[in-house]
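Novice: For reference, the sequence and a predicted model appear below.
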Amino acid sequence: MEEELKDLIFRKTLSNAYKHDGKASKDAVIRKIIFLKPELRQRIKEIIPLIEKIVAEVNTLSLEEQYNYLLAKYPEELKEEKIEAKRFELPALEGAETGKVVTRFAPNPDGPLHIGNIRAMLLSHEYARIYKGKFILRLEDTDPRTKRPLLHIFKDEKKDYEYILRDLEWFEAYPDEIYIQSDRLKIYYNIAEEMLKKGVLYVCFCSKEEIAKNRALGKACVHRDREIEKNLSDFDKIIEGAYLNENAVVRIKTDLSHPDPSVRDWIAFRIINPKDYPHPRLDSIVAYLGHLPYLWPTYNFASTIDDHLMGVSHIFRAKEHMGNTIKQSYIYKAMDWKQPYTIHYGRIKFEGVVLSKSKIIDGMKKGIYEGFHDVDLATIISFRERGFLPKSIKQLILEMGIKPVEAKISFENLHAINRKIIDPIADRYFFVKDPVLVKIKLGSSQKIKRQLHPSRQDFFEFEIIPENGYANIFLDENDLKEDFEVRLIELGNFRIVKRDSSYEGIPLEDQSLEYAREKKLKLIQWVYQGYSLDCIIKVPSYIFGKKIITGKVEAQIEKIKPNTFVQFVRYFFAKLHNIHDKVALFYYLHD
Ligand SMILES: [Zn+2]
């Protein structure tokens, strides 16, 4: 009894500590123990010192040690409670005050989010929550020419760009406010007018080549010092469609001797002809503008105006976009606005992944990818479909912190994190790839009891009923040889021989596990034909060299719900998608 009680206290203390940043609360543990064993209430005075001692011991362990203990000794604690990935701590943010932090995630909605562009989102959301501030989602769709916005991906989307919201929701990164930049053209025009009046902006009619040449030389063009009145009237005309076929852009006066030529009088607006490049939200834009949109702000202009108007306090940006921060600083200076803190983090390099949107769309057109959810893509949609846990991806990305150093990650890192979380909870089933029918000699019916998880006493059962002394089972082609001894897990030791073109299995005299160990017999899984289902698994092509593998799986699978992840013994983890006409469709997760 005493040992059992100690074990219970230890277990509940670990679980409590793990859920509270590594520090268990004595009172919480006492409450839990009394709740579980009300009869202990009478002995409370004698138990409290024991709990205090165990709490003190457990609290000296690191969070990781606690996790490992739970995983090894009490994995059901991880299942029973809300499972948390290993915690990580983000460094404090410069200039951040609780309640005053405003962050934003500002993707270009020309495709779904992928592993390469969610870092800014996760950091922005996480920091806004840490500092009890505001997290804004801003959809930056002001370039219908080179980054044509993609309005919808899923058929049931009601709102524009809803697919991005779904990605955010999956991470539980709910935005406090949502803006679409193509709704805000009037705002950009108004601020531009203010800046034209101040002489900070000017309308330039130089050709691309002239602009590049002058930039290289650090020279001003003839338009830089035009009268403000002329600039203002041309600007108004351009908004309504004038100079459509001429080189007309709006530029901001910066520093013509800046060491980076692209900073020199960068472009704030350019004309995009809606007849050539219609914006997919054209109707709603025309509705508020009163005419077609001809003049579009560049990324740097619109983004800066919005960051200011939305009160953004901290911006997370990859180091390679440092140039944008410099460009944007000219607006802040000219308008006498306070520039937000910008955190430049290092780039994450993903090995062996296609992230380029044009390559993905090209591949979809050619039929290489079946959609944005294709198993070969690193889109968030694909990870979701395959059954990854959002917290695994979140941990992978946020563990990198905000340092400006570059980091390389491979999917092995992600798999390791995800495996650690799902291994204690994923039930084990037998699956046989490339199945070959083997006739097993069996004297009488045999009940098979299969344990769903090595650390839990959960079982399922079925019966093998031989006909004329034989039962048919499936084995993986790759496990077969001409003549060999093997241990079929939970069934026994067999000698399997190939006769003509079929296989036959004869039980060995010694059925013991000791014999199998001594003879170093391979332990292999099998599927009984009388309790089997056909199975299709979608697999990233780098694993088996093809995207679909087929086989047989135990019919017990019919009892689990779609979206459940399982481990196929000796193969990999997978997620059940659905079962249709006695065929189970799975997605490969990782090994
Ligand atoms: Zn010019």
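Specialist: Noted; the coordinates are in hand. Residues are numbered from 1 along each chain as shown.

Novice: from here on, contacts and neighbour counts on C-alpha atoms
Specialist: OK.

Novice: any idea how far residue 388 is from residue 411?
Specialist: Using CA to CA, to the nearest Å, we find residue 411 at a distance of 12 Å from residue 388.

Novice: Name the residue in these two with the higher neighbour count.
Specialist: Neighbour count, other CA atoms under 10 Å: between residue 411 and residue 388, residue 388 has more, with 23 against 15.

Novice: for that one, what are its contacts?
Specialist: For residue 388, the contacting residues are 418, 589, by CA atoms under 8 Å, 6 or more residues apart in numbering.

Novice: Equivalent analysis for residue 162, please.
Specialist: 151-152.

Novice: which phi and psi does the closest residue to the ion within the stretch 401-550 of the chain have?
Specialist: As assessed by CA to the ion, the ion sits closest to residue 404 within the stretch 401-550 of the chain, at 37.0 Å. Backbone geometry at residue 404, expressed as degrees, to the nearest 10, gives phi -80, psi 10.

Novice: The one 4 residues further on now?
Specialist: For residue 408, the backbone dihedrals (degrees, to the nearest 10) come out as phi -110, psi 130.

Novice: Quick check: it touching residue 350?
Specialist: Yes: with contact defined as CA atoms under 8 Å, residue 408 reaches residue 350; the gap is 6.0 Å.

Novice: Give me the neighbour count for the residue of the stretch 401-550 of the chain closest to the ion.
Specialist: Using other CA under 10 Å, residue 404 has 15 other residues around it.

Novice: Surely it touches residue 322?
Specialist: No: the pair residue 404 / residue 322 is not scored as a contact, 11.0 Å apart, by CA under 8 Å.

Novice: and for those two, which residues touch both?
Specialist: With CA under 8 Å, 6+ apart as the test, residue 404 and residue 322 both reach residue 344.

Novice: Quick check: phi and psi at the residue of the chain positioned farthest from its centre.
Specialist: Computed with CA atoms, centre = their mean, the residue of the chain farthest from its C-alpha average is residue 468, at 53.0 Å. Torsion angles at residue 468 (phi, psi; degrees, to the nearest 10) stand at phi 50, psi 40.

Novice: Could you tell me which helix of this structure is the longest one?
Specialist: helix 2-19 (DSSP state H).

Novice: Just the buried residues of the following helix or strand past that one, please?
Specialist: Sequence-wise, the next helix or strand downstream of helix 2-19 (DSSP states H and E) is helix 26-36. Going by neighbour count (16 or more other CA atoms under 10 Å), the buried part of helix 26-36 is 26, 29-30, 32-33.

Novice: Any chance of JSON lines for those residues, columns distance to the ion and pLDDT?
Specialist: Output for these, formatted as JSON lines (distance: CA to the ion, whole Å; pLDDT from 0 to 100):
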{"residue": "26", "distance to the ion": "73", "pLDDT": "89"}
{"residue": "29", "distance to the ion": "73", "pLDDT": "88"}
{"residue": "30", "distance to the ion": "77", "pLDDT": "86"}
{"residue": "32", "distance to the ion": "75", "pLDDT": "80"}
{"residue": "33", "distance to the ion": "78", "pLDDT": "85"}
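
Novice: ok, back up a step: for the residue of the stretch 401-550 of the chain closest to the ion, what are its contacts?
Specialist: 319, 344-347.

Novice: which one of those is nearest the ion?
Specialist: residue 319 (30.9 Å).

Novice: Could you measure from that closest one over to residue 529?
Specialist: 57 Å.

Novice: In the stretch 251-400 of the chain, which residue sits closest to the ion?
Specialist: For the stretch 251-400 of the chain and the ion, the shortest gap (CA to the ion) falls at residue 251, measuring 8.7 Å.
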